[in-house]
Structures are given as structure tokens and as C-alpha cells.
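> My questions are about this predicted structure, shown below with the sequence.
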Amino acid sequence: MSEQELKALRVRIDALDSKVLELISERARCAQEVARVKMASLAEGEVPVFYRPEREAQVLKRVMERNQGPLGNEEMARLFREIMSSCLALEQPLKVAYLGPEGTFTQAAAMKHFGHAVISKPMAAIDEVFREVAAGAVNFGVVPVENSTEGAVNHTLDSFLEHDMVICGEVELRIHHHLLVGENTKTDSISRIYSHAQSLAQCRKWLDAHYPNVERVAVSSNAEAAKRVKGEWNSAAIAGDMAAGLYDLTRLAEKIEDRPDNSTRFLMIGNQEVPPTGDDKTSIIVSMSNKPGALHELLVPFHDNGIDLTRIETRPSRSGKWTYVFFIDFVGHHRDPLIKGVLEKISQEAVALKVLGSYPKAVL
Ligand SMILES: O=C(O)C(=O)C[C@]1(C(=O)O)C=C[C@@H](O)C=C1
């Protein structure tokens with residue numbers, strides 16, 4: 001390519017950038033207008049709701065449907081995710097608590113869902129995220145709920161039994177783990193590998209093959225593991241991209257998870273009900289009486305109405321030894337007439353039924 005051609009193309013890019021800039025600013029002014037309208041139409045004592053997950057899901061879906069390349073759908077939606085995040089921050093900067101410290105996959109999930117224009121607050125434990133939301137110190141919390149290799153995150157499920165929370169969104173994150181060391185580490189003398197217990201489990205086979213005799217030490221998060229090895233001489237950490245970058249660690253090996261499709265699902269918790277979008281999921285907790293056929297009775301209404309169950313999990317109940325509660329996720333919104341009917345049927349048989357929330361299926 002000649003210098004001339006390159007120059008001409010850059011002139012075109014500059015002109016396009018000016019147009020993009022103008023359009024983004026116009027969109028941001030529109031969002032400010034939306035905020036004004038929302039404020040003006042409030043009833044006495046009503047609190048304005050600026051963040052609208054159902055609308056955001058529609059915007060991102062529309063972008064993906066209309067996109068004709070060359071950028072991929074996900075890439076394009078990510079760009080719009082950030083534009084919308086900044087527009088919302090003009091209306092109201094959201095405060096989001098997540099399972100920290102900085103650099104965790106939960107932080108990455110929070111950014112994927114809300115974009116980067118939020119005020120984020122790392123918490124030391126899952127229960128603290130719940131408490132922070134319950135106390136009204138933040139608008140939303142982000143917690144991991146299940147991993148495709150290791151299964152349920154029990155701390156999260158148990159926290160739902162203790163707190164009244166509304167689930168208002170979900171996000172799935174592909175989890176890639178790397179073996180990381182600090183600049184002073186002698187790679188042939190690694191005697192300890194730190195990570196979160198779930199991450200150590202997700203890399204078990206790789207560790208057995210490459211570091212069979214090295215001590216594996218479980219710590220509170222993989223970001224914490226990364227932080228520790230920064231100053232140590234003979235230890236390594238298993239953590240993801242964010243933690244590697246944050247603590248400036250070297251990657252001795254990349255993508256060491258045993259299953260290439262290793263993914264974690266995260267939930268956004270708050271106290272805002274989300275209206276239907278037409279492509280939603282619902283999460284409920286049910287406890288049934290301890291009698292033969294109870295689980296069957298619980299599942300029949302779903303089957304009879306052709307409702308797609310996406311997950312069922314069992315946890316010991318807090319109310320008695322050898323009694324259990326079921327966490328169930330299914331496709332549909334609790335305001336859909338069909339789903340309403342199913343929930344009514346279940347509540348006739350159940351000891352207790354709680355709808356944790358209906359929310360748009362993850363778009364990104
Ligand atoms: O449509 C709204 O209610 C808006 O506030 C605008 C907007 C946007 O930028 O598109 C911003 C924040 C909301 O979460 C959803 C959408």
C-alpha cells in the first residue's frame with residue numbers, strides 16, 4: 001500500500017470518527033432527556049428507576065440482529081454495552097458490589113454485564129455482597145452461582161436462603177486459567193501453587209500432569225493468589241487475565257483449565273423487579289414436604305406445560321435435619337400467564353415457594 005493510499009484512508013477514518021463522536025454525544029444527550037422524563041413522571045414519594053435491564057437487553061439484541069459485520073456480533077454488542085453504560089452514568093452512576101478483591105472473574109463478569117462506567121466495590125465474601133445490597137449501600141451485587149466443571153457455588157445458594165434479594169440479571173463468562181509467577185520466581189523451584197479451591201479443582205488434571213508433587217494451597221480468591229505470589233520467590237498462582245494484568249505477573253502456562261469450555265455463570269442481585277422482555281428466565285426456591293414423590297410432584301407442572309428447566313439444585317434446608325430446598329431455573333417470566341399457572345400449582349403442593357426473580361437471558 002502506498003503512503004498516499006494510507007493517508008487517504010486515515011482522512012476517511014478521521015471523518016467517520018467525527019461522525020461517530022457526534023452521534024454518541026447525541027445519544028448521551030437523549031439519555032439525559034430520558035432521565036428528565038423519568039424524574040418528571042414520578043408519583044409522590046416514588047423513587048426513580050434509571051437502570052432498566054429489560055431495555056438494555058433489547059438494545060443489545062437489536063444491535064446484534066442488525067449488525068452486518070465485519071465486526072462480530074459480540075464485539076459490536078460489547079461496544080454498545082460500554083456506550084450504554086456511560087449514558088446510564090449520566091443519568092445515575094450505578095454502585096455495584098462484587099466478590100473481590102480486584103481482578104477476580106466476578107469483577108470481569110460485573111464489567112461484562114454493567115460496562116465500565118459503574119462505581120465498583122470489591123467485597124471479601126459472597127455473604128458480604130448480599131449484605132451490602134440489603135443495606136442499600138450499593139444498587140446491585142454480582143456473585144458466582146455455578147461453574148460448568150465444578151457445579152454449584154453453595155455459598156451463593158445458601159445466601160439466598162438468608163436474604164430477600166431479587167435476581168435481575170445473569171452473565172456467563174468463559175473462564176481461562178493461567179499459571180502465573182512474579183518476576184523474582186525461579187521457575188524450576190516452585191514449591192507451592194495458590195488459587196481458589198474451585199480454580200484448583202478446574203485445573204486438577206493439568207496440575208497432576210505438570211506439578212504432581214507441588215503443594216496446592218487454597219486461598220479466598222484467585223486474585224488473592226495472584227497478589228500473594230507477586231512478592232514470593234518460589235510460588236505460583238492460578239488466576240485469569242485480569243489478575244495477571246493487575247499484578248503484572250508472567251504467564252508460565254496459559255489456558256490450563258481441564259475443560260476447554262470451562263464457564264461460570266454469575267447473577268446480578270438487587271431489589272428491582274425486571275419486566276418481561278419475551279426472552280427471560282426465572283429462578284425460584286421451593287421446599288417440599290418430606291414424602292415419597294415430592295420431587296415428582298414439583299416437576300410435573302413444568303413438564304405438563306412444556307416449560308424448559310435450565311437448572312435444578314438441592315441444598316439442605318435451614319429448618320430441619322435431612323430436609324431440602326430446591327433451586328430451580330426455567331425459561332419464562334413469572335408474569336407470563338403460563339408461568340403464573342405453573343407457580344400457583346406448585347405452591348399448592350409446596351411447603352414454601354419463593355420467586356427469586358425473572359430476568360432477561362444473558363445477551364453477551
Ligand atoms: O431507556 C432508558 O430507560 C434509558 O435510561 C436509556 C438507556 C440507554 O442508554 O439506552 C440507559 C440506561 C438504561 O439502563 C437503559 C437504556
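Thanks, I have the structure now.

> What strand or helix carries Phe326?
strand 324-331 (DSSP states H and E).

> Buried residues in that strand, which are they?
Applying a neighbour-count criterion of 16 or more other C-beta atoms under 10 Å, the buried positions in strand 324-331 are Val325, Phe326, Phe327, Ile328, Asp329, Phe330, Val331. (Glycine included, C-beta is placed from N, CA and C.)

> what are the C-alpha coordinates of it, in CSV please?
This file holds the C-alpha atoms of strand 324-331, laid out as CSV (Å, rounded to 0.1, in the frame of the first residue of the first chain):
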residue,chain,number,x,y,z
TYR,A,324,-34.0,-29.9,51.5
VAL,A,325,-34.8,-26.9,49.3
PHE,A,326,-34.7,-26.9,45.5
PHE,A,327,-33.3,-24.1,43.5
ILE,A,328,-34.9,-24.2,40.1
ASP,A,329,-34.2,-22.0,37.0
PHE,A,330,-36.5,-22.2,34.0
VAL,A,331,-37.3,-20.3,30.8
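
> ok so, going back, which of the buried residues of strand 324-331 lies closest to Met111?
Proximity to Met111 was ranked across the buried residues of strand 324-331 by C-beta to C-beta; first place goes to Asp329, at 23.4 Å.

> for the nearest residue to Ala134 once chain neighbours are set aside, what are its contacts?
Leaving out its chain neighbours, the residue that sits closest to Ala134 by C-beta to C-beta, 6 or more residues apart in numbering is His163, at 5.4 Å. His163 sits next to Phe130, Arg131, Val133, Ala134 when contact means C-beta atoms under 8 Å, 6 or more residues apart in numbering.

> where does His163 land on pLDDT?
As predicted, His163 sits at a pLDDT of 95.

> ok, which stretches of the stretch 101-250 of the chain are strands?
Along the stretch 101-250 of the chain, counting by DSSP state E, counting those that start in this stretch, strands occupy 119-123, 140-147, 151-152, 166-174, 178-181, 192-196, 215-219, 235-239, 250-253.

> who wins for proximity to Ile339 among the ones you listed?
That would be, of the strands of the stretch 101-250 of the chain and by C-beta to C-beta, strand 166-174, which comes in at 15.0 Å.

> Direction included, what does that closest one pair against?
Partners of strand 166-174 in the sheet, by DSSP bridges, are strand 263-270 (antiparallel).

> What residues of the strand it pairs with count as buried?
For strand 263-270, by 16+ other C-beta under 10 Å, it's Thr264, Arg265, Phe266, Leu267, Met268, Ile269, Gly270.

> Let's have the residues you listed in CSV, adding distance to Ile193.
Output for the buried residues of strand 263-270, formatted as CSV (distance: C-beta to C-beta, whole Å):
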residue, distance to Ile193
Thr264, 20
Arg265, 26
Phe266, 25
Leu267, 29
Met268, 32
Ile269, 32
Gly270, 36
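
> And the furthest pair within those residues?
That would be Thr264 and Gly270, which, of the buried residues of strand 263-270, are the farthest apart (C-beta to C-beta) at 19.8 Å.

> Might you enumerate the residues of this protein proximal to the ligand?
Counting by C-beta under 6 Å from any ligand atom, the positions of the chain adjacent to the ligand are Ala31, Val34, Phe50, Tyr51, Arg52, Arg55, Glu56, Val59, Met84, Cys87, Leu88, Glu91.

> change it to 5 Å
Proximity of the chain to the ligand, by C-beta under 5 Å from any ligand atom, involves residues Ala31, Val34, Tyr51, Arg52, Arg55, Glu56, Met84, Cys87, Leu88.

> and those residues, which are buried?
Of the residues of the chain next to the ligand, these count as buried by 16+ other C-beta under 10 Å: Ala31, Val34, Tyr51, Arg52, Glu56, Met84, Cys87, Leu88.

> which one of these is nearest Ser148?
Nearest member of those to Ser148, counting by C-beta to C-beta, is Glu56, at 25.1 Å.

> quick one on the thing from earlier: out of the residues of the chain next to the ligand, list just those in helices.
Counting by DSSP state H, the part of the residues of the chain next to the ligand found in helices is Ala31, Val34, Arg55, Glu56, Met84, Cys87, Leu88.

> Hmm, the last one is touching Phe50, no?
Spelled out, that is Leu88. Yes: in terms of C-beta atoms under 8 Å, Leu88 counts as a neighbour of Phe50; the distance is 6.4 Å.

> thinking again about what came up before, would you list the buried residues of strand 324-331 in CSV and tack on pLDDT?
Formatted as CSV, the buried residues of strand 324-331 follow (pLDDT from 0 to 100):
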residue, pLDDT
Val325, 92
Phe326, 95
Phe327, 96
Ile328, 97
Asp329, 98
Phe330, 98
Val331, 98
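
> rewinding a little: now the strands of the stretch 101-250 of the chain in TSV, with mean neighbour count and mean pLDDT?
As requested, the strands of the stretch 101-250 of the chain are exported to TSV (neighbours: other C-beta atoms under 10 Å; pLDDT from 0 to 100):
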stretch	mean neighbour count	mean pLDDT
strand 119-123	18	97
strand 140-147	25	96
strand 151-152	14	90
strand 166-174	20	97
strand 178-181	25	96
strand 192-196	23	96
strand 215-219	15	96
strand 235-239	28	96
strand 250-253	14	94
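
> Just the helices from the protein, written as ranges.
Assigned by DSSP H, the helices in the chain fall at 3-40, 53-66, 73-91, 105-114, 126-134, 154-162, 197-202, 204-210, 222-230, 241-246, 294-304, 337-349.

> relative to helix 154-162, how tilted is the strand holding Phe326?
With axes from the mean of the first three to the mean of the last three C-alpha atoms, to 10 degrees as the basis, strand 324-331 and helix 154-162 are set at 100 degrees to each other.

> Which residues does strand 324-331 contact?
With contact meaning C-beta under 8 Å, 6+ apart, strand 324-331 is reached by 152, 157, 160-161, 280-288, 295, 298, 302, 307-317, 339, 361.
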